[in-house]
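S.K.: Please work out how this folds:
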Amino acid sequence: IIQDTVDTIIAGAFQSCKNLTEVELSNKVTTIGEKAFRRCVNLMSVRLPNSVTRIESEAFSSCDNLVSINIPEGLTTIEKETFYGCDNLASIDIPFSVVTIGDSAFEFCVSLTEISIPENVKNIDAEAFKHCRALKNVDLPNGLKTLGVMAFAYNTSLDSILIPEQITHIEKYTFLGCTALDFVSIPSSVTSIGTSAFGDTNSLKTVLVTRNIPATMQDSAFGMSLPEGAEIFVPTSSVEAYKKANYWMNYAANITGFENGYEFDQESGKLTIKTELGAVLWKENGNNIKPEDIQHLVILDTVQTIPEEAFDGCTNLKTAEIANSVTTIDSHAFSGCTSLTAINLPVNLETIGWGAFSDCNNSALTEIIIPANVKTIGNYVFLGCTNVKTFVVKGETPAKLGGRAFDVDRTDFTILVPTGKLATY
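M.R.: As a prediction, this is how the structure comes out:
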């Protein structure tokens, strides 16, 4: 326990204190110095007050057993190697005040499974999340401007990535060795892609590239060759240009054109999604469709997966008709849809991703039915659905439930389960 006579934990103050298991700081502490708790291998829990505005590099690096730490609101930079090699750190909440995540800040956090990166983050520096091999879901913020060299390299569980539209250059080796990566979306803002940015991604199935003019490619961005059956979708009118462009030509056999995959009626505000690509493409800058324009959504039975952030922030969306062909609703797919009056989940749904319906807090949304086939409910799925009073769970067997899937800070709701299954749940 650090008492209120101390405002700075000096560099190396508790480095290699192998018997230290817990740290609690007073609200007078403002700075934690470089390597202050480095190699405290039995440190499990740290409670940081909001008074802390600076945590210097390597402050908690190689704390092998650290499982719980809060990053205080007010911190603007997570310095280099702050949590490097924290083997047991499974989750962490990054506050909205953070703008930059420094070099190797979370490198070798091998138990980290999910992380939410706030909208204020502009820079993710080199190797920031390298070798986070359990990290499956990453939602990159729309305001992100830079992704450093090897920022997510060797994340062997990462299965999809959507590059935000502020990014103009994808650095070399950014996603090198992400062997589970099967879907990549590259927006029209990207004008250059570095060497092996997506090298050794041998599960890659779909690359969506929406730029009409081929981005400059520095050597082979996708390695020497793509996996068998992989496709690079580019605008139909640009197929030949891509097949002839430097280095893109190496993947000529994999390049194919795409149609929009959606229809939008401006007068009624109705968006119809025909393909999974359509659920991504409607947001592209040149389409003149804004999230707030969408009032009614229809997803046809040609769609099986609703991609991450597909309808995030559609604040005027009132109704969503989802075909029973849909088996997966990915992370933040409907997050912040504050006008939704009902959530009717398809009967064949199996997976609901992280934060998929978070902050859907319309006063008319009072009940949600979770179909019997649902096997996985991710973290924070219904967090902030403050007016839902009843969740009806149809499954005879409990789904795998993520942290705070339901809002644990509330006590004014009921979860109904099948008769005779209460003890099982």
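S.K.: Are we agreed that Glu292 is in a helix?
M.R.: Yes: Glu292: assigned to a helix according to DSSP: H, G, I helix; E, B strand; the rest coil.
S.K.: burial count for it?
M.R.: Residues lying near Glu292 (other C-beta atoms under 10 Å) number 13. Where C-beta positions appear, they are placed from N, C-alpha and C, glycine not excepted.
S.K.: what's the spacing between it and Ile322?
M.R.: Separation of Glu292 from Ile322 (C-beta to C-beta, to the nearest Å): 21 Å.
S.K.: How about Asp182?
M.R.: 22 Å.
S.K.: of those two, who's got more company?
M.R.: Taking other C-beta under 10 Å, Asp182 and Ile322 do not tie; Ile322 has more neighbours (21 against 17).
S.K.: can I assume that one is in contact with Asn348?
M.R.: No: applying C-beta atoms under 8 Å as the test, Ile322 and Asn348 come out as separate, 10.2 Å apart.
S.K.: Any stretches of the stretch 151-300 of the chain with poor pLDDT?
M.R.: 285-287 (pLDDT under 70).
S.K.: repeat that with 80
M.R.: Applying pLDDT under 80 to the stretch 151-300 of the chain picks out residues 259-260, 284-288.
S.K.: can you give me the helices for it?
M.R.: In the stretch 151-300 of the chain, the segments counted as helices under DSSP state H, counting those that start in this stretch are 239-244, 278-281.
S.K.: which of these is buried the deepest?
M.R.: Compared across the helices of the stretch 151-300 of the chain, helix 278-281 shows the largest average neighbour count, a mean of 23 (mean count of other C-beta atoms under 10 Å).
S.K.: give the contact list for Asp159.
M.R.: Shown in contact with Asp159 (C-beta atoms under 8 Å, 6 or more residues apart in numbering): 136, 180-183, 203.
S.K.: Tell me the most packed of those, by neighbour count.
M.R.: Tallying neighbours with other C-beta under 10 Å puts Leu181 at the head of the contacts of Asp159, with 24 neighbours.
S.K.: Let me see the contact set for the residue nearest to that one when sequence neighbours are not counted.
M.R.: Of all residues beyond its chain neighbours, the one nearest Leu181 is Thr201 (4.5 Å), with distances taken as C-beta to C-beta, 6 or more residues apart in numbering. For Thr201, the contact set (C-beta under 8 Å, 6+ apart) comprises 175, 177-179, 181, 184, 222-223.
S.K.: Closest to the centroid, which residue in this structure?
M.R.: Nearest to the geometric centre of the chain sits Asp139, at 2.1 Å (C-alpha atoms, centre = their mean).
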